[in-house]
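# Test case, fold it:
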Amino acid sequence: MAKFSEGYLSYDEEQLTGAVEAVLFAAGEPVSQEKLAEIFGITNSEVDLVVTRLENRLKLTLAGVEVARTEKSYQLCTKASHSEFVTKYLEIKRTSPMSKPALEVLAVVAYRQPVTKGYVEQIRGVDCSGIMNTLVEKGIVEEKGRLDAPGRPILYGTTLEFLKRFGLNSISDLPEIDDGQMKINVE
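Numbering: from 1, shown residues only. Presented below is the predicted three-dimensional model:
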C-alpha cells in the first residue's frame with residue numbers, strides 16, 4: 001500500500017481516504033482542494049487521487065452517498081437514486097420550479113458574468129430587481145464586486161450552489177450558445 005508521508009501526517013491510502021471522507025461528511029458543504037491539501041499536508045494532485053479513490057470505493061460498496069465535484073471543490077451528497085427517501089425523512093418540501101423570467105435572468109448572469117443588473121435589464125427589456133434579489137437570497141447568484149463606472153454598480157455572478165443545482169462541474173460545462181441569442185433590446 002502506498003504511503004502519503006510528505007506532510008505532517010503519515011497515512012496509508014486507505015486511512016487517508018477514510019479521513020478525507022470524514023472531513024467531507026463533517027463539512028456538509030464543498031471543501032476546496034487547497035483546504036484538503038492543507039489539512040492533510042499533501043499536494044493538490046494527491047488530494048484529487050484520494051478523492052477519486054473515495055469515489056470508486058463509494059461506487060463499489062453501493063453507498064448511499066457520492067462525491068460531488070464543483071470546480072476545485074468536493075462534497076459528499078446523497079445519490080440521486082436515494083433522494084426521494086431522504087426528502088421524505090427530512091420532510092423537505094420541494095422548491096417550486098423557477099419561473100421563466102428567473103431562468104432568463106439566471107441565463108444572462110451565467111453566460112455573461114460578471115454583469116450588472118442594468119445589463120441584464122437591457123437584454124431582457126424589463127426591470128429585474130425583484131428577480132435578482134430572489135436569486136441572491138437563494139444563493140444562486142452573488143455579488144462579485146463593483147463596476148468601475150459612475151455609481152459603481154454591483155457586478156453579479158453565479159455561485160457554487162448554482163453549479164450544484166444544475167449538475168455542473170464548472171461554468172465551462174454550460175452548453176454553447178449563439179451570441180445572436182442575447183441581443184440588447186434598444187427599443
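
# Helices of this structure, start to end?
13-27, 33-40, 44-60, 83-90, 100-112, 117-124, 129-137, 160-165 (DSSP state H).

# So what's the model's average confidence on the last one?
Looking at helix 160-165 alone, the average pLDDT works out to 88.

# elements contacting it?
strand 65-70, strand 73-78 (3 or more Cβ pairs under 8 Å, 6 or more residues apart in numbering; DSSP states H and E). Using the backbone N, CA and C atoms, a C-beta is placed for each residue, glycine as well.

# Just name the most buried of those strands.
Among the helices and strands packed on helix 160-165, strand 73-78 has the highest mean neighbour count (mean count of other Cβ atoms under 10 Å), at a mean of 20.

# Alpha carbons only: can I get that one in CSV?
Extracted in CSV, the C-alpha atoms of strand 73-78 (Å, rounded to 0.1, in the frame of the first residue of the first chain):
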residue,chain,number,x,y,z
SER,A,73,-14.1,21.5,-4.5
TYR,A,74,-15.6,18.3,-3.3
GLN,A,75,-18.7,17.5,-1.3
LEU,A,76,-20.4,14.3,-0.1
CYS,A,77,-24.1,14.3,-1.2
THR,A,78,-26.9,11.8,-1.4
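
# how far out from the middle of the chain is that strand?
How far strand 73-78 lies from its chain's middle: 10 Å, per Cα atoms, centre = their mean, to the nearest Å.

# what's the residue most central in space within the chain in contact with, if anything?
Nearest to the geometric centre of the chain sits residue 160, at 2.6 Å (Cα atoms, centre = their mean). With contact taken as Cβ atoms under 8 Å, 6 or more residues apart in numbering, residue 160 is in contact with 30, 70-71, 73.

# of all these, which two lie farthest apart?
Across the contacts of residue 160, the longest distance by Cβ to Cβ is 8.6 Å; it joins 30 and 71.

# In terms of packing, which of those two has more residues around it?
Per other Cβ atoms under 10 Å, whichever of residue 30 and residue 71 has more neighbours is residue 30, with 21 against 16.

# Skip the chain neighbours and tell me the closest residue to the more buried one.
residue 73 (3.7 Å; Cβ to Cβ, 6 or more residues apart in numbering).

# Residue 69 too?
residue 169 (5.5 Å).

# Report how many residues lie close to the one you found.
With other Cβ under 10 Å as criterion, residue 169 counts 13.

# ditto for the one 3 residues further on
Using other Cβ under 10 Å, residue 172 has 7 neighbouring residues.
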